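**Q** what's the 3D shape of this:
(2 chains, ligands or ions: 2)
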Amino acid sequence: MTEQPMVINDPASFDFRVNRAALVDPAVLEEERARIFDLCWIYVGHESEVRAPGDFRTRQICGRPVILCRDDADRVRVFLNSCRHRGAVVCREAEGNATHFTCFYHGWSYDRAGCLDGVPGRSAYPPSFDPAQFPLLEPARVASYRGFVFLCFDPEAMPLETYLAGAREYIDLVIDQSPSGQMEVIRGVQEYDIEANWKLLVENSFDDYHLLTTHSTWLDYLRNAGVEMKRPERGHLLPAHGVGRALGNGHAVVDNVNFRGRPVAKWIPIYGEAARPEIARIREELVARLGEHRAARVADTNRNLVVFPNLVINDGSSVTIRTFHPLAANRMQVRAWALGPVEETPAARAIRLDSFLTFYGPGGFATPDDIEALEMVQAGLATWREMPWSVMTRGMAKEGEQLNTDELHLRAFWLEWQRRMQMAPRRGVEA
Amino acid sequence: MSAPLLARSDAEDFLYAEAALLDEWRLDDWLTLLTEDARYWVPPNDTPDGDPGTTLFTIADDIHRIRARVTRLKDPAAHAEYPRSRTRRMIGNVRVEPMAPGPAGETQVLVHSNFVIWRFRRGERVREYVGHYRHTLRLAATSWRIAHRVAIIDAMELASLGSVSLIL
Ligand code: FES
Ligand SMILES: [Fe+2]
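**A** Ligands and ions are numbered 1, 2, ... in the order given. This next block holds a predicted model:
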């Protein structure tokens, strides 16, 4: 890695800059793998994706194949999806229900708890061979917070709840949409690659500064559909007030007064007249359960939350979970899902999914332009040797509250990134 | 099998004409092929047979959003398609099936076809969308209109296809 600092933070002279090498240099990515992805709590999936014992999902997390599944004791488990014999990927299906995970190569077979319980031709192994020594391996740590399952490859990592710090409050706000406190991942995953550094999607996921320019066609769509938008107040770029907040440990959020539709619970003409009573009913349930104040917090604010390093939970036009992993310094794999209350009526569920598609996703009216923006940034960053710095000082000279269109929340991410990149990598990892 | 209500060669002509309009970016002309209640769906890659009421789709437009999509795509601020991509569509394996009548008793047929759509942009990787269409064609007065078009992508995930910024 270059000797130059990657982030310059000098509040006294209102200077905050990110070294563009951090976005293009493959050597930086190698260090990120050891110092960030191997040490932080990383989102794997949601408990609702594996409802019954034997249910499983396979996915790539931090470059490793893993199995998310539920065992016979009804516990959610995460296994490294690699055979203890020679290492072959054991489970090759994307999802399903299985009594066993059987490796097709030589036929070793593991039960739902990962125990090796089938070894063809076992008698040829020496007497010392003990199948109990060869279960499917689990990452050093696995834990859930309100249904969100994380893993961590660092055995000494702080507990997940401590790690999540102020992000918990914002996850709780999303969960409060559900009368029973249970949200579920809805069928249908959006998986796509972006030819850009993964940290550009962190920035983009809660960079409200770009909304007016990058998403003018989306704003026009809302306006043409009869959604009322106020003129921005003095000092504001957007129709409604919003703030950026750092939440500790690199997590951050933009927390905005709603001006667009929300399935929970703000009707807009795009939902159609027929949806009005359903949205009103959802609103009433919220108020009855949570009281006016909390109900308004849940239903009248949009929040884009970044959980360091690579989980985004957006609660706006719909709720989306988005996670992404670097494939190269200039390429990432993105996966996104919709999240909804388990007790949602079919009508409300349909509104939620339809509202999702107005903005989010690879066929939405906004996300394709975000992807284009990120790919154009990455293309432009080929000039990084001539133009080594990205300025990130919006709001810095201001006392007190930071707006969603300021950059405090982006700086919070980058400061934690810098801090972790300067720390020692995990033992045994050569950086 | 009973005689199809629409000859395969006529269905092919219809699909070829539609593909030409889309390849030429004559999107307003393309809109005239649609019924007033038309829908356009692109199901998610992992659930090609899903329903948009219960499954998160890539695209699930009603006629209002189809028109809004065209408005958007004609705007130079639709950055993902500005500068515009070039596309080339190949359509084949066309089959016509009978179908239940439309909401007002109109004659309808279901037309299956396979497609390959190549998308080219300066300095970018070529994107190759491969899949099949299900067109519900409805006989309106004397001409056929599209009441529902579903474009099902074969790829297991969008991956290097990135987004679906054009009309498949
Ligand atoms: S690698 Fe799995 S049984 Fe040999
Ligand atoms: Fe955006």
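**Q** could you point out the helix or strand that follows the top helix by length along chain B?
**A** With residue count as the measure and DSSP state H as the assignment, chain B has helix B:8-23 as its longest helix. Once the chain leaves helix B:8-23, the next helix or strand it forms, by DSSP states H and E, is helix B:27-31.
**Q** what helices or strands is that following helix leaning on?
**A** With contacts defined as 3 or more CB pairs under 8 Å, 6 or more residues apart in numbering or on different chains; DSSP states H and E, the secondary structure elements packing on helix B:27-31 are helix B:8-23, helix B:63-74. Quick note: C-beta positions are derived from backbone N, CA and C, even for glycine.
**Q** quick check: which of those is nearest to A:Asp176?
**A** Proximity to A:Asp176, assessed across these by CB to CB, is greatest for helix B:63-74 (29.6 Å).
**Q** now the closest one: buried residues?
**A** Residues B:63, B:65-69, B:71-73 are the ones in helix B:63-74 that count as buried (16 or more other CB atoms under 10 Å in any protein chain shown).
**Q** what do you get for stretch A:236-250?
**A** A:238-250.
**Q** the one residue sitting closest to the centre of chain A bridge partners, please.
**A** Against the mean C-alpha coordinate of chain A, by CA atoms, centre = their mean, the closest residue is A:Leu311 at 2.1 Å. With DSSP bridges as the criterion, the beta-bridge partners of A:Leu311 are A:Val307, A:Thr323.
**Q** so it is in contact with A:Tyr43, correct?
**A** Yes. In this structure, A:Leu311 is within contact of A:Tyr43 by CB atoms under 8 Å, at 4.1 Å.
**Q** give the residues shared as contacts by these two.
**A** Any residue near both A:Leu311 and A:Tyr43 by CB atoms under 8 Å, 6 or more residues apart in numbering or on different chains counts here, and that gives A:148, A:321, A:323.
**Q** count of neighbours near the last one?
**A** Residues near A:Thr323, counting by other CB atoms under 10 Å in any protein chain shown, number 22.
**Q** also the second one?
**A** Using other CB under 10 Å, the number of residues around A:Ile321 comes to 20.
**Q** now do the buried residues in the longest helix seen in chain A.
**A** Selection of the longest helix in chain A by residue count, based on DSSP H, yields helix A:276-299. Neighbour-count burial for helix A:276-299 flags A:278-279, A:282-283, A:285-287, A:290, A:295-299 (criterion: 16+ other CB under 10 Å).
**Q** just put those in JSON lines and tack on distance to chain B and pLDDT.
**A** JSON lines is the format used below for the buried residues of helix A:276-299 (distance: CB to the nearest CB, whole Å; pLDDT from 0 to 100):
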{"residue": "A:Glu278", "distance to chain B": "13", "pLDDT": "95"}
{"residue": "A:Ile279", "distance to chain B": "16", "pLDDT": "96"}
{"residue": "A:Ile282", "distance to chain B": "17", "pLDDT": "97"}
{"residue": "A:Arg283", "distance to chain B": "21", "pLDDT": "97"}
{"residue": "A:Glu285", "distance to chain B": "21", "pLDDT": "97"}
{"residue": "A:Leu286", "distance to chain B": "23", "pLDDT": "97"}
{"residue": "A:Val287", "distance to chain B": "27", "pLDDT": "98"}
{"residue": "A:Leu290", "distance to chain B": "27", "pLDDT": "98"}
{"residue": "A:Ala295", "distance to chain B": "26", "pLDDT": "97"}
{"residue": "A:Ala296", "distance to chain B": "27", "pLDDT": "97"}
{"residue": "A:Arg297", "distance to chain B": "26", "pLDDT": "97"}
{"residue": "A:Val298", "distance to chain B": "22", "pLDDT": "97"}
{"residue": "A:Ala299", "distance to chain B": "22", "pLDDT": "97"}
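**Q** among the shared contacts of A:Leu311 and A:Tyr43, which one lies nearest to A:Lys230?
**A** Out of these, the member with the shortest distance to A:Lys230 (by CB to CB) is A:Ile321, at 30.1 Å.
**Q** next up, the contacts around the closest one.
**A** Under the criterion of CB under 8 Å, 6+ apart, the neighbours of A:Ile321 are A:43, A:46, A:148, A:185, A:311-313, A:336-337, A:339.
**Q** dihedrals phi and psi, it?
**A** In this entry, A:Ile321 is assigned phi and psi values of phi -100, psi 130 (degrees, to the nearest 10).
**Q** which SSE is the residue lying closest to it once chain neighbours are set aside in?
**A** Counting by CB to CB, 6 or more residues apart in numbering or on different chains, A:Trp337 is the residue found nearest to A:Ile321 once chain neighbours are left out, at 5.0 Å. Assigned by DSSP H and E, A:Trp337 belongs to strand A:331-341.
**Q** name the next helix or strand following that strand along the chain.
**A** Next helix or strand after strand A:331-341 toward the C-terminus (DSSP H and E): helix A:346-359.
**Q** is chain B contacted by that next one?
**A** Yes. Shown here: helix A:346-359 in contact with chain B (CB under 8 Å from any CB of the partner chain) through A:346, A:349-350, A:353-354, A:356-358.
**Q** one more: stretch A:169-187?
**A** Yes. Contact between stretch A:169-187 and chain B is present through A:186-187 (criterion: CB under 8 Å from any CB).
**Q** chain center to that stretch: distance?
**A** Mean-position distance between stretch A:169-187 and its chain equals 15 Å (CA atoms, centre = their mean, to the nearest Å).
**Q** cool, and stretch B:19-27?
**A** Centroid separation for stretch B:19-27 versus its chain: 11 Å, with CA atoms, centre = their mean.
**Q** what are the contacting residues of it?
**A** So stretch B:19-27 is contacted by B:29-30, B:33, B:70, B:73-74, B:84, B:87-89, B:91, B:115, B:166-167 (CB under 8 Å, 6+ apart).
**Q** and the residue of chain B nearest ligand 1?
**A** B:Met156 (23.4 Å; CB to the nearest ligand atom).
**Q** which residues of the stretch 251-400 of chain A lie near ligand 1?
**A** For the stretch 251-400 of chain A, no residue is in contact with ligand 1 (CB under 6 Å from any ligand atom).
**Q** show me where the chain dips below the pLDDT cut-off.
**A** In the absence of a named chain, this looks at chain A. A:1-3, A:426-431 (pLDDT under 70).
**Q** let's do chain B instead
**A** Low-confidence regions of chain B, defined by pLDDT under 70, span residues B:1-4.
**Q** same thing but at 50, please
**A** With pLDDT under 50 as the threshold, chain B has low-confidence stretches at B:1.
**Q** which residues in it form strands?
**A** Listed in chain order, the strands of chain B (DSSP state E) span residues B:34-42, B:59-61, B:86-98, B:108-120, B:127-140, B:143-153.
**Q** can you list those in JSON lines and add distance to A:Phe16 and mean neighbour count?
**A** Formatted as JSON lines, the strands of chain B follow (distance: least, CB to CB, whole Å; neighbours: other CB atoms under 10 Å in any protein chain shown):
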{"stretch": "strand B:34-42", "distance to A:Phe16": "41", "mean neighbour count": "18"}
{"stretch": "strand B:59-61", "distance to A:Phe16": "39", "mean neighbour count": "24"}
{"stretch": "strand B:86-98", "distance to A:Phe16": "41", "mean neighbour count": "14"}
{"stretch": "strand B:108-120", "distance to A:Phe16": "38", "mean neighbour count": "18"}
{"stretch": "strand B:127-140", "distance to A:Phe16": "37", "mean neighbour count": "19"}
{"stretch": "strand B:143-153", "distance to A:Phe16": "42", "mean neighbour count": "20"}
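**Q** out of the ones you listed, which comes closest to chain A?
**A** Evaluated with CB to the nearest CB, the strands of chain B place strand B:59-61 nearest to chain A, the distance being 3.7 Å.
**Q** contacts for that closest one?
**A** Applying CB under 8 Å, 6+ apart, the external contacts of strand B:59-61 come out as A:353-354, A:357, A:363, B:39-42, B:52, B:69, B:164.
**Q** just among the residues of helix A:346-359 next to chain B, which is most surrounded?
**A** Neighbour counts for the residues of helix A:346-359 next to chain B, by other CB under 10 Å, peak at A:Phe356, which reaches 29 neighbours.
**Q** noted, bye for now.
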